[in-house]
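Asker: I'd like to go over a predicted model; first the sequence, then the structure.
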Amino acid sequence: MATKQKSKKNIYISLTLTVLILVLLGYNAYSQSASTITKGRFEKILQNDKITTLKLDDNYLYINTLQNNRYKIYKDVVDIQSLATTYPIEVVSDTSLGLEDLLFVLFVAFVILYILRLSHKSKLQQIELSKSYDMPPDIVDDIKPIHSNVRFDDVAGIEIVKEELEEIIDFLKHPSKYTQMGIRMPKGVLLVGPPGVGKTLVAKAVAGEANVPFFYQSGASFTQIYVGMGAKKVAKLFAQAKRNAPSIIFIDEIDAVGKSRGEFRNDEREATLNELLTQMDGFEDSSGVIVIGATNNIEVLDDALLRSGRFDRRVHLSLPNLQDRLSIIKLYLRNKTHHINIDSLAKATVGFSAAALDTLINEAALYALKNGRKVLLDSDFDAVKEKVISGKKYIQSYLPEEKNIQALYQASKAVVASWLGVDYEKIGLVNTLLEEFDHEISSRTLLLNKVKVYLAGAVVCKQEYNEYFSNAKDDIKTAKEIITLMLDEYAMSENFLPQGDKSIELFAQTIKELEELTSQLKLAIKKVTSHLLEYESITPKECKGIIDEIF
């Protein structure tokens, strides 16, 4: 090792000397590069006033001109004293290197050597990097399945999700039962929901219930330095899954690799996405391999990934409501000794995800242990709740007054939607946007009714509190977008042409009609508000039942 380092050192010394000699030779060659001129030519240069500097040694007068030309003339043919009255003349002993010139040469030599050394070091790093990624051997040899011990009993608050995934589990357990009937199972299942709702845990539970191998990969793990390596990893992943079929491939944060292909190209990511699409198209419906993807941002996914034949089924996971939180809290407390009011805790944690509740209970247990207790008390949760909320940005927790405002706001939307026949799945206390069913063809009346639904919360809160609130910002923005589409894109105006500030006029007219409607529905809105405060969500059927009792 010492010999190797000494050899490297000798190489650098030799390289330094070589560079220095070359620079010196170059400099000397430059100093000798001046052309010898006659007295007549010199006088012509003087007349044109093109001289910048003059240097005098024992034999020659050296001239530099404005065009950076170098000349020399025998000093004996020039009147030096007369010339010195017009131009400053630097006297040098000879044209050899002076101290300043030598320092300059050394500096140039050091810079050149430093650049060469950096280049050499960069090449070594690239070689080491190639070795670390092990390009010739396979970088994906470590793709191995795991066997999940998670069961649905270990996951609470997702009863509807469990029902949607039971068919997938049964298919993985008994694939022949479906293939004999010619039934095709979905190739892909997309779990959609905000952070912390348990998408990864659900995927593990499906694998655990079906008792099949589980291949876990994050979307970011497919992003490689070398173009094509991500695609190679995808191909190897699917090959391993087929070899271990029936099996599950789970790609967490799939949007990292499945983003829509737009103007900002990324060759490596696009190659990886193309390979993923090809693989999902390539394996048969009866192969026994199910691909489960998870994302909290479905809007950015490429359309090709969402089309039929790839991620056929989409399962939406939302923040848990009151009943869900009761189930989750009971599950997380089952192995802990406690004396707490679970109902009160569930009501006090509006907007908490399953992961946030897990963190809250764990922090409370740590707080109790720190205070020398093995039994959890209500005071432990009160002590750490603010810490958990401030540490988790995605947690949205309402103060009592804010909860009343939000309940009134959401109840107004629910009642107006049910009254005007605008379809929705469910309106929750923590859901700020309607989950609507899209129509292929929408009428002007239907679109205006949607606008009224989005504005209902803000209008009713203004009537009740004589105040505007920030929770309306997203709904107001959506309402404006719908009206803009109606007038500019769909041409839903007189003569099919937008006229001046028609959008402002239409917006004002819609609000006026809405104010009259909500005044008539005041009692229904009040009852739905109470329902939301108690149950935190309401379905169209439940809302219609309340309205029918009144009218």
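Answerer: Nice, I can see it.

Asker: Based on its surroundings, how many neighbours for Asn404?
Answerer: Asn404 has 16 neighbours, counted by other CB atoms under 10 Å. All C-beta atoms are positioned from the backbone trio N, CA, C, and that covers glycine.

Asker: Next, the contact list for it, please.
Answerer: 529, 533 (CB atoms under 8 Å, 6 or more residues apart in numbering).

Asker: sec struct for it, please.
Answerer: helix (DSSP: H, G, I helix; E, B strand; the rest coil).

Asker: and the helix or strand where Asp382 lies, C-alpha only, in CSV?
Answerer: Assigned by DSSP states H and E, Asp382 belongs to helix 378-391. Taking Å, rounded to 0.1, in the frame of the first residue of the first chain, the C-alpha atoms of helix 378-391 are listed here in CSV:
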residue,chain,number,x,y,z
ASP,A,378,-56.6,10.9,30.2
SER,A,379,-54.1,13.5,31.5
ASP,A,380,-51.3,11.8,29.6
PHE,A,381,-53.0,12.4,26.3
ASP,A,382,-53.8,16.0,27.2
ALA,A,383,-50.1,16.5,27.9
VAL,A,384,-48.8,15.2,24.6
LYS,A,385,-51.6,16.1,22.2
GLU,A,386,-50.3,19.5,21.3
LYS,A,387,-46.8,18.1,20.7
VAL,A,388,-48.2,15.5,18.3
ILE,A,389,-50.3,18.1,16.5
SER,A,390,-47.5,20.6,16.0
GLY,A,391,-45.1,17.8,14.9
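
Asker: residues making contact with that helix?
Answerer: 339-341, 344-345, 348-349, 356, 359-361, 363-368, 395, 397.

Asker: Among those residues, name the buried ones.
Answerer: Burial by neighbour count, 16 or more other CB atoms under 10 Å: within the contacts of helix 378-391 this picks out 340, 345, 348-349, 356, 359-361, 363-365, 367-368, 395, 397.

Asker: can you pull the contacts of the residue most central in space within the chain?
Answerer: Centroid-nearest residue in the chain: Ala256, 7.0 Å away (criterion: CA atoms, centre = their mean). Taking CB under 8 Å, 6+ apart, we find Ala256 in contact with 218-220, 222-223.

Asker: farthest pair in these?
Answerer: Farthest pair in the contacts of Ala256 (CB to CB) is Ser218 and Thr223. Separation: 9.6 Å.

Asker: Mind listing what's buried along the host helix or strand of Lys452?
Answerer: Per DSSP H and E, Lys452 falls inside helix 444-465. Within helix 444-465, the residues scored as buried using 16+ other CB under 10 Å are 447-462, 464.

Asker: rewinding a little: mind listing which of the contacts of helix 378-391 are in strands?
Answerer: Under the assignment DSSP state E, those contribute His339 to strands.

Asker: Quick one: distance of the helix holding Asp382 to the chain centre.
Answerer: 29 Å (CA atoms, centre = their mean, to the nearest Å).

Asker: can you redo the contacts of Ala256 as JSON lines with neighbour count?
Answerer: Converted to JSON lines, the contacts of Ala256 look like this (neighbours: other CB atoms under 10 Å):
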{"residue": "Ser218", "neighbour count": "16"}
{"residue": "Gly219", "neighbour count": "21"}
{"residue": "Ala220", "neighbour count": "10"}
{"residue": "Phe222", "neighbour count": "27"}
{"residue": "Thr223", "neighbour count": "16"}
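
Asker: Between these, which sits nearest Tyr468?
Answerer: Gly219 (40.0 Å).

Asker: which residues does that closest one contact?
Answerer: 251-258.

Asker: In strands only, show me the residues you listed.
Answerer: Those of the contacts of Gly219 lying in strands (DSSP E): 251-252.

Asker: Tell me which two of the contacts of Gly219 sit farthest apart.
Answerer: Asp252 and Gly258 (11.8 Å).

Asker: the more surrounded of these two?
Answerer: A side-by-side neighbour count of Asp252 and Gly258, using other CB under 10 Å, places Gly258 first with 28 against 19.

Asker: Quick check: the more buried one touching Leu276?
Answerer: Yes. With contacts counted by CB atoms under 8 Å, Gly258 reaches Leu276, the gap being 7.1 Å.

Asker: Overlap in contacts, these two.
Answerer: Going by CB under 8 Å, 6+ apart, residues that sit against Gly258 and also against Leu276 are Leu305.

Asker: Go ahead and name everything in contact with the host helix or strand of Gly545.
Answerer: Assigned by DSSP H and E, Gly545 belongs to helix 540-550. Residues lying outside helix 540-550 but in contact with it, judged by CB under 8 Å, 6+ apart, are 414-415, 417-419, 423-427, 521, 523-524, 527-528, 531.

Asker: if you average pLDDT over stretch 115-131, what comes out?
Answerer: Model confidence over stretch 115-131, given as mean pLDDT, is 54.

Asker: what element comes up after the helix or strand bottoming out on mean pLDDT in the chain heading to the C-terminus?
Answerer: Scoring the helices and strands of the chain by mean pLDDT, DSSP states H and E places helix 2-31 at the bottom, with a mean of 56. Per DSSP H and E, the first helix or strand lying C-terminal to helix 2-31 is strand 35-36.

Asker: Tell me the first helix or strand C-terminal of that next one.
Answerer: Downstream of strand 35-36 (by DSSP H and E), the next one is helix 39-47.

Asker: in that next one, what counts as buried?
Answerer: 42, 45.

Asker: Would it be right to say that Ile73 lies in a strand?
Answerer: Yes. According to three-state DSSP, Ile73 belongs to a strand.

Asker: and the closest residue to Ser327 other than its chain neighbours, what does it touch?
Answerer: Nearest residue to Ser327 in three dimensions, chain neighbours excluded: Ala156, at 3.9 Å (CB to CB, 6 or more residues apart in numbering). Ala156 makes contacts with 324, 327-328, 330-331, 354, as judged by CB under 8 Å, 6+ apart.

Asker: name the element Ala156 belongs to?
Answerer: Using DSSP H and E, no helix or strand contains Ala156.
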